[in-house]
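Asks: Need the 3D shape of this:
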Amino acid sequence: MPDGVVRWVDTKDRIAEIVRGGRVFRARVGDVEPGARHGGAHVHFDIRRADGQEQAVQVTLRQGTRVSRRQHRFGTLVGARSADARGAARVTGPHPELAGAKGLHPLEVARAWATCVATGDVDGALALYAPDAVVHLADGERTGRHAVQAWLESVPVLGCARHARVRGADGTVAVRWDAEGDEPGLAVRCQVAHHAIAEQWEAAAGPSEDVAGAAPSIALTTVGPVEEQDVALASRQLRDLVAKVHASVLFARLKLSWEPDPARERPAVAEATLDLSGDLVRAHVTAPTMAEAVDLLGHRVRDRLEHLAKHRRQLRQETGQAAPGTWRHGDLPMLRPRYFDRPVQDREVVRHKTFAVDELTPDEAVFDMEQLDYDFYLFRDLASDTDSLIERAGDSYRLTRLSPVAVDPGPTAAPVDVAPVPAPMLTLAEAIERLDAGGEPHVFFAEAATGRGTVVYRRYDGHYGVITPQ
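Replies: Here you go, the predicted model:
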C-alpha cells in the first residue's frame with residue numbers, strides 16, 4: 001500500500017483527493033476511514049483502476065505522524081544510539097520473536113518487558129528472560145520458566161495499562177510503577193546481559209520513593225581548556241533536568257568546547273543531546289565564558305523539554321492542528337557561534353555526512369528539525385516524491401524541492417512557504433563557489449553526478465560540510 005497525503009475532503013459530494021509522488025488520486029468518502037477525513041492526514045491506500053481511471057480505495061490513517069491530529073510516533077528516533085542515529089527500536093512493545101536479537105539496548109529490553117506486564121502479556125514478558133534468569137524476592141529466589149511465570153501472574157501491576165518509568169545505566173535498569181490511589185505500585189531492578197533479563201529484584205513502590213541507580217550515565221566530551229568546575233556544573237545541571245523527565249532516557253551526551261581563537265567574541269561552546277524514549281532533544285549554545293554557556297545550555301535544554309512535553313500533551317488531548325506561529329511560542333533565541341572568517345583558499349571539505357532520508361510531510365520535517373535544533377533539514381517530500389529541504393525563514397519555514405513539481409503539500413500546522421524555484425543542478429565545486437559568493441550558511445542543490453538533493457554548508461570553523469542522501 002503506498003502512502004499519501006489527503007488534500008481535501010468534500011463531505012457534500014462524497015469525494016476526497018489524495019496526493020502521492022506528484023500524482024493525484026480521487027477517492028470516495030466511503031473508502032476513507034473516518035479518522036482520515038481531513039486535509040493533511042497521512043494515509044495508506046490501495047490503487048484501483050476503473051473505467052480507465054485510477055482511484056484510491058481502502059484509505060486508512062497511517063499511524064505515527066508526529067504533527068497531524070490523531071496520529072502519533074511515526075518515524076521517531078526510538079532506540080537511537082547516537083545523535084545522528086535514526087529508526088525504530090528493535091523492541092518497542094511485546095515482540096517475543098525479537099527476544100535475544102543482537103543489538104538491543106538494555107533499556108529497550110526493560111521497556112519491552114514493562115509494556116508486556118502492563119498489557120497483561122505474560123508470554124511476551126517471559127520471552128525476554130534469559131534461560132537461567134533469577135528473580136530475587138523477599139521470600140526467596142525464583143528460577144525456571146514456570147516459577148517466573150507464576151511470579152509474573154501474581155504481580156499487582158499485571159494488566160494495569162499504566163506506563164512505567166524505565167531508567168538506568170549500563171546493564172542495570174530500574175522499572176517503576178508509582179502507586180496511584182487504590183492502585184498499587186511496583187519497583188523492579190533488572191540486570192540485562194546479552195540482550196535478555198538475567199536477574200531481577202522486586203521492591204514495593206510508594207508514591208514518592210525513588211529507585212536506586214535510576215540516573216542515566218552521561219557521555220562527556222571536552223575540547224580545549226575546560227575547567228573541572230564547569231564540567232561538574234554542566235553535568236549536575238543536565239542530570240537534574242533528566243530527573244524531571246517522565247520518559248526513558250536511552251542516551252545522554254554533553255560536549256563542552258573552548259575555541260582557542262582570540263578573535264571570537266563567544267569562544268565557549270556547550271552542546272547537549274538527549275534521547276527520551278525515542279524523541280531526540282538537542283541544544284547548542286555559545287557564550288563569552290564557559291560558565292555562561294553552561295547556564296544558557298540549561299535554559300535551552302529546559303525549553304526543548306517543555307516543547308516536547310507540550311507536543312505530547314496535545315497529541316493525547318487531540319486538540320487538532322495548532323494555529324500558525326503558536327506551536328513554537330516561548331522558544332528562547334538561539335545563540336549560534338559566529339563563522340570563522342577563514343580565507344577562501346584555505347577552506348576545504350572536512351566532513352561528509354550520508355544518511356537515509358525518510359518520506360515525510362513538511363510538518364514532520366519541521367518537527368524533526370526543531371527537536372534536533374538544526375537550521376535546515378534534508379528529507380524526501382511525500383507529496384512530490386522528491387528530495388527537499390526545509391529551513392527557517394524568519395517566523396516561518398521555507399520548503400525547497402529538487403524538481404519543479406506543482407503539488408500543494410496540503411494543510412500544515414507550521415507556517416510553510418513553498419519556494420517557487422526548484423534547487424539548481426550543480427557540481428560540488430560550483431555549489432561551494434556559490435556558497436562563497438553569496439555568503440549564505442548553506443546551499444541546497446541537485447548534485448550533477450547523482451541527481452540527488454545535496455547540501456553544502458559552512459561550518460563554524462570556516463571549512464565546509466556536505467550532506468548527501470544514501
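Asks: okay, CA-based contacts and neighbour counts for the rest of this
Replies: Noted.
Asks: just for the stretch 301-450 of the chain, where's the confidence low?
Replies: 310-341, 355-356, 404-410 (pLDDT under 70).
Asks: typo on my end, the stretch 1-150 of the chain
Replies: 1, 63-104.
Asks: And the strands in it?
Replies: 3-10, 15-20, 23-28, 42-50, 53-61, 129-137, 140-143 (DSSP state E, counting those that start in this stretch).
Asks: which one of those lies closest to residue 268?
Replies: strand 42-50 (42.5 Å; CA to CA).
Asks: buried ones in that closest one?
Replies: Of all the residues in strand 42-50, those buried under the rule 16 or more other CA atoms under 10 Å are 42, 43, 44, 45, 47.
Asks: Can you pick out the most distant pair from those?
Replies: Using CA to CA, those reach their maximum pairwise distance at 42 and 47, which is 15.9 Å.
Asks: Which residue of the chain lies farthest from its centroid?
Replies: Going by CA atoms, centre = their mean, the residue of the chain most distant from its centre is residue 51, 43.6 Å out.
Asks: Now that one, what are its backbone angles?
Replies: phi 60, psi 40 (degrees, to the nearest 10).
Asks: show me the contacts for it.
Replies: Residue 51 makes no contacts at all, as judged by CA atoms under 8 Å, 6 or more residues apart in numbering.
Asks: Any idea how many residues pack against residue 420?
Replies: Residue 420 has 12 neighbours, counted by other CA atoms under 10 Å.
Asks: For the stretch 301-450 of the chain, just list every one of the strands.
Replies: Using DSSP E, counting those that start in this stretch, strands in the stretch 301-450 of the chain cover 349-355, 359-360, 376-381, 386-393, 396-401, 416-418, 425-426, 442-447.
Asks: Can you give me the buried ones in the fifth one?
Replies: Think strand 396-401. Here strand 396-401 shows 397, 398, 399, 400, 401 as buried, counting by 16+ other CA under 10 Å.
Asks: Walk me through which strands it pairs with, and which way each runs.
Replies: strand 386-393 (antiparallel), strand 416-418 (parallel) (DSSP bridges).
Asks: For the first one, which outside residues touch it?
Replies: This points to strand 386-393. 21, 362, 365-366, 375-381, 397-403, 444, 452-453.
Asks: Run the chain-centre distance for it.
Replies: 18 Å (CA atoms, centre = their mean, to the nearest Å).
Asks: Check the shortest one too.
Replies: Between the centre of strand 416-418 and the centre of its host chain there is 23 Å, according to CA atoms, centre = their mean.
Asks: what does stretch 36-44 give?
Replies: The mean C-alpha position of stretch 36-44 is separated from the chain mean by 22 Å, CA atoms, centre = their mean.
Asks: For residue 5, give its distance to residue 148.
Replies: 47 Å (CA to CA, to the nearest Å).
Asks: what kind of secondary structure is residue 158 in?
Replies: coil (DSSP: H, G, I helix; E, B strand; the rest coil).
Asks: If you tally nearby residues, what's the number for it?
Replies: Residue 158 - counted by other CA under 10 Å - has 19 other residues nearby.
Asks: and it, what is it in contact with?
Replies: Applying CA under 8 Å, 6+ apart, the residues near residue 158 are 117, 118, 119, 120, 152.
Asks: related to what we said a few turns ago, buried subset of the contacts of strand 386-393, written for PyMOL?
Replies: Buried residues among the contacts of strand 386-393 (16+ other CA under 10 Å), as a PyMOL selection:
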select buried, resi 21+362+365+366+376+377+378+379+380+381+397+398+399+400+401+402+403+444+452+453
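Asks: per-domain residue ranges of the chain.
Replies: Listed by automatic domain parsing, the domain ranges of the chain are 3-61, 96-203, 219-317, 344-469.
Asks: For the last one, measure first residue to last.
Replies: Using CA to CA, the end-to-end distance of domain 344-469 comes to 27 Å.
Asks: and residue 460, how many residues sit next to it?
Replies: Neighbours of residue 460 using other CA under 10 Å come to 15.
Asks: what helix or strand is it on?
Replies: In the assignment (DSSP states H and E), residue 460 maps to no helix and no strand.
Asks: Out of the strands of the stretch 1-150 of the chain, the one nearest residue 417 is which?
Replies: Residue 417 lies closest to strand 3-10 among the strands of the stretch 1-150 of the chain, at 16.2 Å (CA to CA).
Asks: what are the pairing partners of that closest one, and which direction each?
Replies: Counting by DSSP bridges, strand 3-10 is paired with strand 15-20 (antiparallel), strand 42-50 (antiparallel).
Asks: to the chain's geometric centre, what's the distance from the last one?
Replies: Think strand 42-50. For strand 42-50, the separation from the chain centroid amounts to 29 Å (computed by CA atoms, centre = their mean).
Asks: tell me the angle of it relative to strand 53-61?
Replies: Between the axes of strand 42-50 and strand 53-61, defined by axes from the mean of the first three to the mean of the last three CA atoms, to 10 degrees, the angle is 150 degrees.
Asks: For strand 42-50, which outside residues touch it?
Replies: Contacts for strand 42-50 (CA under 8 Å, 6+ apart): 1-6, 36, 54-62, 65, 68.
Asks: Filter those residues down to the buried ones and hand me the ChimeraX line.
Replies: Those of the contacts of strand 42-50 that count as buried under 16+ other CA under 10 Å are selected in ChimeraX with:
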select :3,4,5,6,36,55,56,57,58,59,60,61,62,65,68
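Asks: buried residues in stretch 126-139?
Replies: Buried, per 16+ other CA under 10 Å, within stretch 126-139: 126, 127, 128, 129, 130, 133, 134, 135, 136.
Asks: what residues does stretch 443-452 touch?
Replies: 387, 389, 402, 423-428, 431, 434-435, 453-457, 468-469.
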